[in-house]
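Asker: just the structure for this:
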Amino acid sequence: MMERHPRGMSLAETSVAASLLCLLLITVLNLFPSALAAVGSSKQHQEANTLAQNALESFAARPFNALTLGVQANTGIVVPAGYTLVVDVQPVDTYSTEYLKKVTATVTWTFRKQNKKVEQELYVQPVD
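Answerer: Numbers count the residues shown, from 1 in each chain. The predicted model follows:
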């Protein structure tokens, strides 16, 4: 019977193991930039949704008669840098503006040279 002596890995085995390890490491490291971009995009989208929601809540809290039709010049809302907020009060088809109005908040921004947009609507009626 042949006796085996403990020995280290051969040069070929070491090269294959190192190559596989490098390939695995490169694959994992390539995931980080796309993951960071996804997190950044998600964060901006959430901020835009929050801004639009705050605008709608602000307008819903105003007296119904103070909601003039058209794009609102003064929203009174602080808009973070990089975002644009447009609030528009519109009539609702088949309803009188004495009883129902639609408020639309549109937030736009740019992420990685692409224009992004979030739009939310709220129907408001007088509390009488």
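Asker: center of the chain - which residue?
Answerer: Residue closest to the average C-alpha location in the chain (C-alpha atoms, centre = their mean): His45, at 1.2 Å.
Asker: wait, doesn't it sit right on Val107?
Answerer: No. Taking C-beta atoms under 8 Å as the definition, His45 is not a contact partner of Val107, at 9.6 Å. In short, each C-beta sits where N, CA and C put it, glycine included.
Asker: overlap in contacts of the two?
Answerer: Common contact partners of His45 and Val107 (C-beta atoms under 8 Å, 6 or more residues apart in numbering): Val118.
Asker: Thr104 should be in a strand, yeah?
Answerer: Yes. Secondary structure assignment places Thr104 in a strand (DSSP: H, G, I helix; E, B strand; the rest coil).
Asker: quick one: low-confidence parts of this protein?
Answerer: By pLDDT under 70, the low-scoring segments of the chain are 1-9, 128.
Asker: all helices of it, in order?
Answerer: Using DSSP state H, the helices of the chain run over 11-60.
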